[in-house]
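1. Have a look; sequence and predicted model below, questions after that.
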Amino acid sequence: MLTFIWAQDECGNIGKDNTMPWYLPADLAYFKKQTTGKTIVVGRKTYESFGKALPNRTNLVLSRDLNLTLPDAEVVHDKEAILKRAETESIFICGGAEIYKLFLDEVDRLLVTKIAARFDADTAFPKLDWDQFKEVGRVEGTQDEKNRYPFTFYTYDRKKAK
């Protein structure tokens, strides 16, 4: 199964200067809970924004740079290799925008945190045909002193072809 996981503001923005333009600890905890023990796929820039491979996950970095080697992550140069793995294991696509765009036609599930606020950003989530997906879950986030913005966790599954 191929799953996208991301957070976006109400305009669909996901990043600014290769980082998230908000701080939302509940979303970070959700991301950790969903991806721990699983295989994640990120692009090189997203990997660099993390500073290292994320612990307790198999980290795949998709890159066109055939000379790229990383001490703590597996470098993959081929989209097809990731799709092959997704036939037998849960794969989480974690960004950035170009990596999401690459897998738009293959993704099975969407886990998106929608933040009810607008942020200064330079990167938006790629255009997605939401009509191809059905909402199957929704959990309202708890706003508090650490999580200052209203937010909701959504789960969507791709509709089956008729």
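-> Perfect, thanks for sending it.

2. Who are the packing partners of the least confident helix or strand in the chain by mean pLDDT?
-> Counting by mean pLDDT, DSSP states H and E, the weakest-scoring helix or strand in the chain turns out to be helix 44-50, with a mean of 94. Applying 3 or more CB pairs under 8 Å, 6 or more residues apart in numbering; DSSP states H and E, we find helix 44-50 packed against strand 58-62. (Glycine included, C-beta is placed from N, CA and C.)

3. list the helices and strands the strand it packs on packs on?
-> strand 39-43, helix 44-50, strand 74-76, helix 79-86.

4. mind listing the strands for the chain?
-> 2-8, 13-15, 39-43, 58-62, 74-76, 91-93, 109-115, 123-124, 133-140, 151-158 (DSSP state E).

5. Reformat the ones you listed as CSV; add distance to residue 32, mean neighbour count and mean pLDDT.
-> CSV is the format used below for the strands of the chain (distance: least, CB to CB, whole Å; neighbours: other CB atoms under 10 Å; pLDDT from 0 to 100):
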stretch, distance to residue 32, mean neighbour count, mean pLDDT
strand 2-8, 11, 21, 98
strand 13-15, 18, 22, 97
strand 39-43, 11, 23, 98
strand 58-62, 14, 22, 98
strand 74-76, 20, 15, 97
strand 91-93, 11, 24, 98
strand 109-115, 12, 20, 98
strand 123-124, 22, 17, 96
strand 133-140, 16, 12, 98
strand 151-158, 13, 17, 98
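
6. can you list these in JSON lines and add distance to residue 99?
-> Compiled in JSON lines, these are given as follows (distance: least, CB to CB, whole Å):
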{"stretch": "strand 2-8", "distance to residue 99": "9"}
{"stretch": "strand 13-15", "distance to residue 99": "11"}
{"stretch": "strand 39-43", "distance to residue 99": "4"}
{"stretch": "strand 58-62", "distance to residue 99": "6"}
{"stretch": "strand 74-76", "distance to residue 99": "11"}
{"stretch": "strand 91-93", "distance to residue 99": "6"}
{"stretch": "strand 109-115", "distance to residue 99": "14"}
{"stretch": "strand 123-124", "distance to residue 99": "12"}
{"stretch": "strand 133-140", "distance to residue 99": "18"}
{"stretch": "strand 151-158", "distance to residue 99": "18"}
